[in-house]
Structures are given as structure tokens and as C-alpha cells.
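Asks: only geometry, no sequence info:
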């Protein structure tokens, strides 16, 4: 950030009164501009013991497989956002959404929320951000071709829970990775 | 937002290519500026069946009682943020944090996350954003003087869970309120 989004004047980094960290502060109108973590919402859509994955048609990780997920938008709930992303990426409707996994990824200022859900009628297509969408049984999951650590961890945990047959308790975990600032 | 934070040129609302909603787009450098929901992290600190609440020294809801909570910062996890806010508002250290409640508040583009936790050694003080901090047993909770619906709901659910003695399962709920845009 170089300019104030309210008045167009240059901003500088400084610690405002009654604060304890640097913010972008406008040299003109004195507005303080905060930067906060973003939420990524996604689904783990299940149909007959198979999981719906999308092959990414966009960077990063072009050509790798992922769970349908993306940035949460204003004016929606986390579950609505997860369902929206599933429609956008896989042209699939989902039901019975239950929060399954929260991943903190502090190095990149993101929080992931994955909802376990059922694919409506087993139907799906291919959205514009996907090259291909497909249902995978556990033995078919392309483990070496998955896009993100959070996808690997969510799928591993799901199949472990399914094998144990004691339900799908909600998990919280942190992904440690190199900071984008390094 | 009126000006581009990257180049200082005026922005306008338009729907970018391959998008489905209006964003602030710079008329100069063409940067797209996204606005996304913010996360509020907080704690439900327990000590000997009592809950630590803070009397707000700031607006909104000056003088009302609340659970320690505030905006999640970059480079921290949700649990770290919840613990940080508890230190800032009540000068209290907490342990054994367990995610207890997620509230979607789509009307104001916020997601609340409350962690159930134990107050370290029962010790606390008063942070600069609080007029007073105090431990309350269930019968002492000032129900008519609580600051926010999410605080009321979290406390009600906690005491209900405690009475049933079957643990504290994680909840997801949506707060319906008038939009700030209306």
C-alpha cells in the first residue's frame, strides 16, 4: 500500500496512538489502514464414499488436484461461501454441510475452513477455473498430485475418520510454511 | 474506497473479466481491490466455574460487558489472536484453548471465533480498553448488560453444556442482523 484509499495522499508505516504495531497511516487525512487475515472457504464433497476433486486451471498449482475452495466474499456465511465455491469450480450442489477443519496458515495471513458435505444426487460438471472434475475413491486419490498441504491433510483425516467409524469431529490445525515476507 | 492504494489514481466500481460481482478497479493501473470478511477472535476464559468478562471502555457498547475479543492480526493463528486479545483487554493468560463457537455475521462481513479456555492461576488485571474485569458465576452474569448477541449466545450455550456434563462440542451459527449497508 502506497496511497490512501480514502483521499489519495501518500501513506507511511507508523505505530498509531494506543496501538502496538505498524499500520499504513495517511499523511493527509490521517486515516489508519488495517490489513487482516483472509478466510478461504471450501468443501469436502462426498458421494458413495468418493470425494469430488478439481484439477486446477489457474495458478498457483496449475494442473494439480484440489478440493473446491476460494476466498470468502462479503455478505455470505462461511457455509454459503464454501457451497458457492463448489458450484463455481465444479458446478456441483452440496447439502448437509458440517464444519470439519480449520487451518491457520499464519505465514500467508490465511485461515482455511473446510465443510464436510454430501454431493447432491452425485452430479457435477466443470467450472471455468477447473480443467477437470472427478470423483475419487480412497485408493484412487492422486496423493502426489494434490495442490496444497491443507488438501492432503483434510483428505488423510477424512479417510482415517471414515475407517474408524466414529464420526467426523471438527479439527483445528496450523500449517507451518515459509513466510511470504522472507 | 475512492483511490487506488497502489498508484493513487481514482477507482471505480465495475465487474472485472471472469468475475461476477463489482470490485473497486483502478482507472490508472487497473489493479483490482478486493474486500473480504474479517475475523474476530476471542476467548471464553473459565476459572472455578466462573467466566472472565470485561466492561468495555470503548465504543461501540461502552460500559457493557463482553468476552475478550478483537480483530485477528496478520502473522498469528486464530488461537494466538484469541489469547492476545485476552491479554490486551484483561491482562490475563489462558491455556488449554479449544475452539468452541464460530458465528457468521454476514450483514457486517465478520466471522467470530471463540476459544473455550482456562484462566492461568485465576489471575487477571484490567487492560486499557476495559473499565473493569471480573469473574462471574452463572447466577451473577449481567445478562441485560452484555455487549453483543454473540456473547449472550456463547455464554448461554456454555452454561447449558456445563449443566449437561457431556463436554463442549464446537458450534457453528449465524447472527442475523440489519446490514450496515441499509
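Replies: Done, it's in. Predicted, not measured: the structure shown is a model, and the values here were computed from it.
Asks: what is the mean pLDDT for stretch A:27-44?
Replies: If you average the pLDDT over stretch A:27-44, you get 97.
Asks: Quick check, central residue of chain A?
Replies: Nearest to the centroid of the C-alpha atoms of chain A, with distances taken as CA atoms, centre = their mean, sits residue A:40, at 3.0 Å.
Asks: Would you mind measuring from that one to chain B?
Replies: Distance, residue A:40 to chain B, using CB to the nearest CB, to the nearest Å: 10 Å. The C-beta positions use only the backbone N, C-alpha and C, and glycine is treated the same way.
Asks: Over to residue A:12?
Replies: Using CB to the nearest CB, residue A:12 is found at 13 Å from chain B.
Asks: Point me to the helix or strand that includes that residue.
Replies: Element membership for residue A:12, per DSSP states H and E: strand A:11-14.
Asks: next helix or strand past the top strand by length along chain A?
Replies: Of all segments of type strand in chain A, defined using DSSP state E, the longest is strand A:94-105. Proceeding C-terminally, strand A:94-105 gives way to strand A:110-119 as the next helix or strand, assigned by DSSP H and E.
Asks: Off-centre distance for stretch A:130-138?
Replies: Using CA atoms, centre = their mean, to the nearest Å, the mean C-alpha position of stretch A:130-138 is found 18 Å from that of the whole chain.
Asks: mind listing what's buried in that stretch?
Replies: Of all the residues in stretch A:130-138, those buried under the rule 16 or more other CB atoms under 10 Å in any protein chain shown are A:130, A:133-135.
Asks: Let's see which of the residues you listed end up in strands.
Replies: When DSSP E defines the strands, the subset of the buried residues of stretch A:130-138 inside them is A:130, A:133-135.
Asks: related to what we said a few turns ago, which residues sit against the strand holding residue A:12?
Replies: Here strand A:11-14 makes contact (CB atoms under 8 Å, 6 or more residues apart in numbering or on different chains) with A:1-4, A:22-27, A:33, B:5.
Asks: now what about the next helix-or-strand element following that strand, what contacts it?
Replies: Elements were assigned by DSSP H and E; along the chain past strand A:11-14, the next helix or strand is strand A:23-26. By CB under 8 Å, 6+ apart, the residues outside strand A:23-26 that reach it are A:1, A:4, A:6-7, A:9-16, A:31-35.
Asks: If we use 6 Å, what do you get?
Replies: Judged by CB atoms under 6 Å, 6 or more residues apart in numbering or on different chains, the contacts made with strand A:23-26 from elsewhere in the structure are A:1, A:4, A:9, A:11, A:14, A:16, A:32-33.
Asks: Many thanks, we can stop here.
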